[in-house]
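K.L.:
here's my sequence, what's the structure:
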Amino acid sequence: MVTGPEPSAPEESVTAEAVELSELRAGEARERAAHAGLSAARSFEESARLHDQVAQMPDQTVEQGASHPDVHRAAAKKHRTAATANPQRVRALRRRRTPLGRLAQRTSV
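P.N.:
Sure thing, here's the model as predicted:
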């Protein structure tokens with residue numbers, strides 16, 4: 001049962017060459033996105049590493065007998081929390097796994 005005018009045929013048909021070019025460009029875009037994800041993951045991991053490093057400073061200060069050890073321990077705890085419980089670190093791990101899988105697929109094809 002026809003409910004309206006039939007759609008007209010497209011003026012230009014899609015060629016195999018156009019499809020291949022589109023797939024190539026999409027693959028290149030996925031690869032660039034994967035590299036960007038890895039770069040972001042490295043940045044987040046570096047941030048977490050630096051938080052760990054900064055957390056050691058108040059610990060050393062307390063070991064050396066500085067006054068107000070509770071304040072120094074609290075500062076160290078904040079940095080350790082920032083390094084481990086930071087959502088950026090979780091994202092970094094996820095971003096590292098996803099792009100690596102995509103890049104592995106890309107190179108094995």
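K.L.:
going by C-alpha atoms from here, please, whenever you check contacts or count neighbours.
P.N.:
Fine.
K.L.:
what helices or strands is the top helix by length along the chain leaning on?
P.N.:
Looking across the chain with DSSP state H, the single longest helix is helix 16-63. Helix 16-63 is packed against helix 69-84, helix 87-108, with contacts defined by 3 or more Cα pairs under 8 Å, 6 or more residues apart in numbering; DSSP states H and E.
K.L.:
now do the buried residues in stretch 42-57.
P.N.:
By 16 or more other Cα atoms under 10 Å, the buried positions in stretch 42-57 come out as 42, 44-45, 47-49, 51-52, 54-56.
K.L.:
ugh, typo on my part, it should be stretch 13-20
P.N.:
For stretch 13-20, it's none, nothing buried (16+ other Cα under 10 Å).
K.L.:
so what's the gap between it and the chain middle?
P.N.:
Relative to the chain's own centre, stretch 13-20 is displaced by 33 Å; criterion: Cα atoms, centre = their mean, to the nearest Å.
K.L.:
and for stretch 26-41?
P.N.:
With Cα atoms, centre = their mean, you get 9 Å for stretch 26-41.
K.L.:
identify each buried residue in that stretch, please.
P.N.:
30-31, 34-35, 37-38, 40-41.
K.L.:
pick out the most distant pair among those residues.
P.N.:
Largest separation among the buried residues of stretch 26-41 by Cα to Cα: 30 and 41, giving 16.3 Å.
K.L.:
hang on, the earlier thing: quick one: mean pLDDT for the longest helix of the chain?
P.N.:
Helix 16-63 shows a mean pLDDT of 86 in the predicted model.
K.L.:
which ones are touching residue 49?
P.N.:
Residue 49 makes contacts with residue 83, as judged by Cα atoms under 8 Å, 6 or more residues apart in numbering.
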